[in-house]
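Student: Provide a 3D model corresponding to the input given below.
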Amino acid sequence: MGILTGHEIRAAVVSERIFIHPFDPAQVVQVSVDLHLCPRLLAYASASGRVLDLATYEEPDRTLDIPDGGLVLVPGMLYLGATIETICAPTYAAIVAGKSSPARKGLRVEAAGLIEPGFSGSITLEIEVAVPLRVYAGWPIAQVRFETVEGLPEPYTERGTYQDQTDGPVASRSHLHKPRHA
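Tutor: Okay, the predicted model is just below:
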């Protein structure tokens, strides 16, 4: 198993082994592709005293549209954003992480780690800030790297929960999973 280089990523996009839309070859760096923030966020406020529950669908407290002048995110909130780009990599695993430059201003971005081979859609991002921070739609906020897998992966559609999401961030569907009892 290995991580694709920028050259290999570009070749995989050209040969349609990886689909990224919209795609600009300039988004590709040494071993990853920059991903950009879509103009809508979902927000959950921790200050409200509300407790989120993995076994229940949780409606976000707010839906926020990012105006042209940006939107100030505040600490103590969980924001769900999404990438403008839709991605599909049928035979690669993808790892999404925040970018270092925004992180150095207190922006933490998590994408729940692994994007399974065969997933298709935009990537929902869990966003938190350490200090009040203005963000902008279309700004590079995360990056994705692609890793080879050994063997033929099971189709994502057989077990995947978030296939074909394209209209901005998607709230957790953890309530659809059954717990294991020890």
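Student: the worst-scoring helix or strand of the chain on mean pLDDT packs against which elements?
Tutor: Least confident helix or strand of the chain, by mean pLDDT, DSSP states H and E, is strand 107-115 with a mean of 82. Judged by 3 or more C-beta pairs under 8 Å, 6 or more residues apart in numbering; DSSP states H and E, strand 107-115 is in contact with strand 92-98, strand 120-129, strand 140-148. Backbone N, C-alpha and C define where each C-beta goes, glycine included.
Student: just give me how far that strand sits from the chain centre.
Tutor: Distance, stretch centre to chain centre, for strand 107-115: 6 Å (C-alpha atoms, centre = their mean, to the nearest Å).
Student: with only the CA atoms kept, save it in PDB.
Tutor: Presented in PDB, the C-alpha positions along strand 107-115 are these (Å, rounded to 0.1, in the frame of the first residue of the first chain):
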ATOM      1  CA  LEU A 107      -9.200  26.100  12.300                       C
ATOM      2  CA  ARG A 108      -9.600  22.400  13.000                       C
ATOM      3  CA  VAL A 109     -11.100  20.300  10.200                       C
ATOM      4  CA  GLU A 110     -11.900  16.600  10.500                       C
ATOM      5  CA  ALA A 111     -13.600  14.400   7.900                       C
ATOM      6  CA  ALA A 112     -14.100  11.400  10.100                       C
ATOM      7  CA  GLY A 113     -10.900  10.000   8.600                       C
ATOM      8  CA  LEU A 114     -11.300   7.400   5.800                       C
ATOM      9  CA  ILE A 115     -13.300   7.800   2.600                       C
END
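Student: that strand: partners in the sheet, and parallel or antiparallel?
Tutor: When pairing is defined by DSSP bridges, strand 107-115 lines up against strand 92-98 (antiparallel), strand 120-129 (antiparallel).
Student: what are the C-alpha coordinates of the last one, in CSV please?
Tutor: Once non-C-alpha atoms are left out, strand 120-129 reads as follows in CSV (Å, rounded to 0.1, in the frame of the first residue of the first chain):
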residue,chain,number,x,y,z
SER,A,120,-19.1,9.2,-4.5
GLY,A,121,-20.1,12.7,-3.3
SER,A,122,-18.9,15.8,-1.6
ILE,A,123,-17.1,15.3,1.7
THR,A,124,-18.8,16.6,4.9
LEU,A,125,-16.2,18.3,7.2
GLU,A,126,-16.5,18.7,11.0
ILE,A,127,-15.2,22.2,11.7
GLU,A,128,-14.2,23.8,15.0
VAL,A,129,-12.3,27.0,15.8
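Student: quick one: T83 and D34 touch, right?
Tutor: No. Contact status for T83 versus D34: not in contact, 9.8 Å apart, counting by C-beta atoms under 8 Å.
Student: looking at those two, which is more packed in?
Tutor: Each of T83 and D34 has its neighbours counted (other C-beta atoms under 10 Å); T83 has more, 25 against 18.
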